[in-house]
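**Student:** fold the following for me, if possible:
(2 chains)
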There are 2 protein chains.
Amino acid sequence: MGRVVVEVMPKPEILDPQGKAVAGALPRLGFGQFTSVRQGKRFELEVEGDVTPEVLEAAAQAAATVLSNPVIEDVVRVADIEADAAATVTSTGTLA
Amino acid sequence: MGRVVVEVMPKPEILDPQGKAVAGALPRLGFGQFTSVRQGKRFELEVEGDVTPEVLEAAAQAAATVLSNPVIEDVVRVADIEADAAATVTSTGTLA
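**Tutor:** Numbers count the residues shown, from 1 in each chain, chains lettered A, B, ... in the order given. Sure, this is the predicted structure:
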């Protein structure tokens, strides 16, 4: 049983009200060192067998079409949860 | 200017309706290989200078107190975005 991590962030030019709210709250709670916050999503997809390159490819496709809105979001990472930094997806959506 | 990544996931025993909805949609859209999906959050915290151990410590504290609800969520990762897998926080919240 393998797991794939997919991470999605709002594009830099897109306003992120959730992140702004967190960024506003942190200094009030004693965390003044953080100047800006962006909030995105993290998915864990489970598969029956091992995480093969085909599974990663399918996950990257699902990430681009179902898990993210490509107009406002970037897929920043698609990787086997075991071999964390194995396959990183660049912000253009191509496997690096 | 450094950035810290904080990742938060719903605890395994907690029902995750967002993840369930995605898991239900994926097979209908041709991604039948994924048997289960969990959805969590990914934060990027920006700091003025470099990401020092002190900054990571503060981020881990912010993660545990502001960015997650420890009753229903686990902080699964607190790391410098550059040195990705540098400092991983275990599900008990201690720096590994």
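**Student:** what's the first helix or strand after the helix of greatest length in chain A?
**Tutor:** Ranked by residue count, the top helix of chain A under DSSP state H comes out as helix A:17-28. Counting by DSSP states H and E, the element after helix A:17-28 in chain order, helix or strand, is strand A:34-47.
**Student:** what residues sit buried inside that next one?
**Tutor:** Across strand A:34-47, burial judged by 16 or more other C-beta atoms under 10 Å in any protein chain shown covers A:34, A:37-47. (C-beta placed from N, C-alpha, C; glycine too.)
**Student:** that one pairs with which strands?
**Tutor:** Using DSSP bridges, the strands paired with strand A:34-47 are strand A:2-10 (antiparallel), strand B:34-47 (antiparallel).
**Student:** how about that strand as CSV, C-alpha atoms only?
**Tutor:** Extracted C-alpha coordinates of strand A:34-47, given in CSV (Å, rounded to 0.1, in the frame of the first residue of the first chain):
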residue,chain,number,x,y,z
PHE,A,34,6.7,35.8,9.8
THR,A,35,6.1,38.6,7.3
SER,A,36,3.8,36.8,4.9
VAL,A,37,1.7,33.6,4.8
ARG,A,38,0.2,31.6,1.9
GLN,A,39,-2.2,28.8,2.5
GLY,A,40,-2.6,25.9,0.1
LYS,A,41,-3.7,22.2,0.1
ARG,A,42,-2.0,18.9,0.8
PHE,A,43,-3.6,15.6,-0.5
GLU,A,44,-2.6,12.1,0.4
LEU,A,45,-3.7,9.6,-2.3
GLU,A,46,-3.6,5.9,-1.3
VAL,A,47,-3.0,3.2,-3.9
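**Student:** could you give the angle of it to helix B:17-28?
**Tutor:** Interaxial angle, strand A:34-47 versus helix B:17-28 (axes from the mean of the first three to the mean of the last three C-alpha atoms, to 10 degrees): 50 degrees.
**Student:** before we move on, the earlier item: now for the longest helix of chain A, which elements pack on it?
**Tutor:** On a contact count with 3 or more C-beta pairs under 8 Å, 6 or more residues apart in numbering or on different chains; DSSP states H and E, helix A:17-28 meets strand A:34-47, strand B:34-47.
**Student:** got those strands as TSV, with distance to residue A:24 and mean pLDDT columns?
**Tutor:** Below are the helices and strands packed on helix A:17-28 laid out as TSV (distance: least, C-beta to C-beta, whole Å; pLDDT from 0 to 100):
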stretch	distance to residue A:24	mean pLDDT
strand A:34-47	9	97
strand B:34-47	13	97
